[in-house]
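Q: give the three-dimensional model of this entry:
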Amino acid sequence: MWIVLLAALSGLSVLSLFVGVIDVSLIDIWQDPETFHLFAISRGPRTVAVVITGGALAICGGILQMLVRNRFVEPMTAGTGQGAALGILLVTLYAPALPILFKMVLASVAALVSSIGFLAIVHRLPPTQPLLVPLVGLIYGGIIGAGVVFIAYQADLLQYIDIWMNGEFSGVLQGRYELLWIVAAVAGLSYLAADQFAIVGMGRTASINLGLNYTQVVVLGLLVISVVTALTVVTVGMIPFVGLVVPNIIARLAGDNLRMTLPLTAMTGALLVLASDIAGRVLRFPYEIPVGSVFGVLGAVVFLWLLYAPRRHAQ
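A: This is a model prediction of the structure:
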């Protein structure tokens with residue numbers, strides 16, 4: 001499975017470099033300086049941004065599902081993404097001159113606060129009603145999203161927030177995507193705590209009985225989710241369903257051992273988002289469909305398959 005995913009991801013990454021309004025060939029890269037410049041400034045950074053975004057969002061979805069012990073939640077539909085958008089909007093309104101680093105920190109703090117709020121609500125829900133968790137997440141995220149739209153409407157910024165609410169990569173250029181390297185680093189470091197996140201998924205009582213510092217690991221997981229979500233929203237916008245669909249696919253095929261499955265989750269997320277981005281560029285060529293819209297359709301189909309397909313792997 002590793003080899004298949006890696007080969008497919010490598011192939012799509014190469015294909016992504018050659019899909020665009022301007023037709024180029026491999027020979028043009030070496031013979032035409034303008035073509036090389038195009039790859040270095042636009043298509044190369046775009047491909048890297050798509051791969052990092054897809055992999056990191058998938059990892060965050062898997063971690064959040066362990067923290068709330070429910071397979072039907074993900075950051076972009078449970079309030080974290082909307083909280084990040086709210087933080088960016090407030091900074092834009094009241095402190096537009098702040099450096100990008102401070103805007104990033106404030107967006108991450110807003111995402112963290114909204115994540116903590118969702119977790120606090122989930123812990124009060126009856127454990128015998130697991131479907132209440134995703135429903136509450138959708139309502140919670142919808143309320144925060146409605147607040148973002150209302151504030152933006154009052155400030156005449158509705159077109160401005162569309163960039164954050166509908167993820168797409170057409171604006172990714174060299175110099176405008178580098179924050180995603182922080183996303184890659186944070187998501188990669190979360191692998192070091194994969195075993196702890198898996199234990200948290202067993203519940204608070206079981207985690208404490210096994211000697212785990214439950215609160216510390218939950219806070220660490222929320223920090224990872226908040227930073228990754230905030231920087232993703234800042235850079236490319238919200239891409240829903242990645243953190244919902246991909247971890248469920250991997251869990252069905254490879255089980256719930258995060259130490260083993262997190263790399264598979266990252267590669268699958270990157271693969272599916274990259275495929276959606278390429279499809280968005282091709283379906284209405286030379287125009288583009290936002291990757292969030294394409295993956296939304298793909299995610300809905302896969303989600304229905306997850307609901308009705310039998311579980312085949314043996315744990």
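Q: what's residue 238 in contact with, if anything?
A: If a contact means CB atoms under 8 Å, 6 or more residues apart in numbering, then residue 238 has 76, 81, 82, 85, 164, 165, 166, 167, 232, 292 as its contacts. Yep, even glycine has a C-beta here, placed from its N, CA and C like the rest.
Q: tell me which element the closest residue in space to the third one that isn't next to it in sequence falls in.
A: Pointing back at residue 82 there. Of all residues beyond its chain neighbours, the one nearest residue 82 is residue 144 (3.9 Å), with distances taken as CB to CB, 6 or more residues apart in numbering. According to DSSP states H and E, residue 144 maps onto helix 132-154.
Q: average pLDDT across that helix?
A: For helix 132-154, mean pLDDT rounds to 84.
Q: can you check stretch 296-315 too?
A: 67.
Q: other SSEs contacting the host helix or strand of residue 300?
A: Assigned by DSSP H and E, residue 300 belongs to helix 291-308. If you count contacts as 3 or more CB pairs under 8 Å, 6 or more residues apart in numbering; DSSP states H and E, helix 291-308 packs onto helix 242-254, helix 258-282.
Q: show me which residues of that helix are buried.
A: For helix 291-308, the neighbour count (16 or more other CB atoms under 10 Å) marks 291, 292, 293, 294, 295, 296, 298, 299, 302, 306 as buried.
Q: what's the answer for stretch 147-155, then?
A: Here stretch 147-155 shows 148, 149, 152 as buried, counting by 16+ other CB under 10 Å.
Q: for stretch 124-133, same thing?
A: Buried, per 16+ other CB under 10 Å, within stretch 124-133: residue 133.
Q: quick one: that stretch to chain centroid distance?
A: Its chain's C-alpha centre and that of stretch 124-133 lie 24 Å apart, by CA atoms, centre = their mean, to the nearest Å.
Q: ok, residues contacting that stretch?
A: 68, 70, 72, 73, 122, 136.
Q: what's the first-to-last distance across that stretch?
A: 10 Å (CA to CA, to the nearest Å).
Q: check stretch 189-202 too.
A: Span of stretch 189-202 from end to end, CA to CA: 22 Å.
Q: tell me which residues of that stretch come out buried.
A: Under the neighbour-count criterion of 16+ other CB under 10 Å, stretch 189-202 has 190, 193, 194, 196, 197, 198, 199, 200, 201 buried.
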